[in-house]
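A.B. asks: Next come a sequence and a model predicted from it.
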Amino acid sequence: MATKATSARPNKGGEPVSAEEKIARTLGLLLVKDMEQKTDQVALLRAIGFEVADVAAMFGMTENHVNQAAFQGRKKLGKKGTKATSHATN
């Protein structure tokens, strides 16, 4: 008997994830796969438009953890940008 394929990680409402959502999540994970720090991965995914709930489902994290990781990643990336501009002006 054939069964309908569903995601191991349903959406927040408990509904199965659509094929389009699976593709988007896979492309997002491919984008960040070579980044070492999870905070950098989360910050980038949030910056390109992934919702907090989507990132949480992709990494098996709570939404609060995603928000904290995104904040830390943005903070770290901001510091890197500041160093680059300060060296360029000297």
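C.D. replies: Now that the structure is in, tell me what you want to look at.
A.B. asks: before we move on, what SS does the residue nearest to residue 54 when sequence neighbours are not counted have?
C.D. replies: Once flanking residues are discounted, residue 54 sits nearest to residue 25: 6.7 Å by CB to CB, 6 or more residues apart in numbering. Quick note: C-beta positions are derived from backbone N, CA and C, even for glycine. Look at residue 25: counting by DSSP: H, G, I helix; E, B strand; the rest coil, its state is helix.
A.B. asks: Give me the distance between residue 25 and residue 78.
C.D. replies: 27 Å (CB to CB, to the nearest Å).
A.B. asks: what's the helix or strand residue 29 falls within packed up against?
C.D. replies: In the assignment (DSSP states H and E), residue 29 maps to helix 19-32. Helix 19-32 is packed against helix 38-47, helix 52-59, with contacts defined by 3 or more CB pairs under 8 Å, 6 or more residues apart in numbering; DSSP states H and E.
A.B. asks: Now the last one - C-alpha only, CSV.
C.D. replies: Provided in CSV are the C-alpha atoms of helix 52-59 (Å, rounded to 0.1, in the frame of the first residue of the first chain):
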residue,chain,number,x,y,z
VAL,A,52,12.7,32.1,11.9
ALA,A,53,10.4,29.0,12.0
ASP,A,54,11.9,27.7,8.7
VAL,A,55,15.5,28.1,9.9
ALA,A,56,14.6,26.4,13.2
ALA,A,57,13.1,23.4,11.4
MET,A,58,16.1,23.2,9.1
PHE,A,59,18.6,23.0,11.9
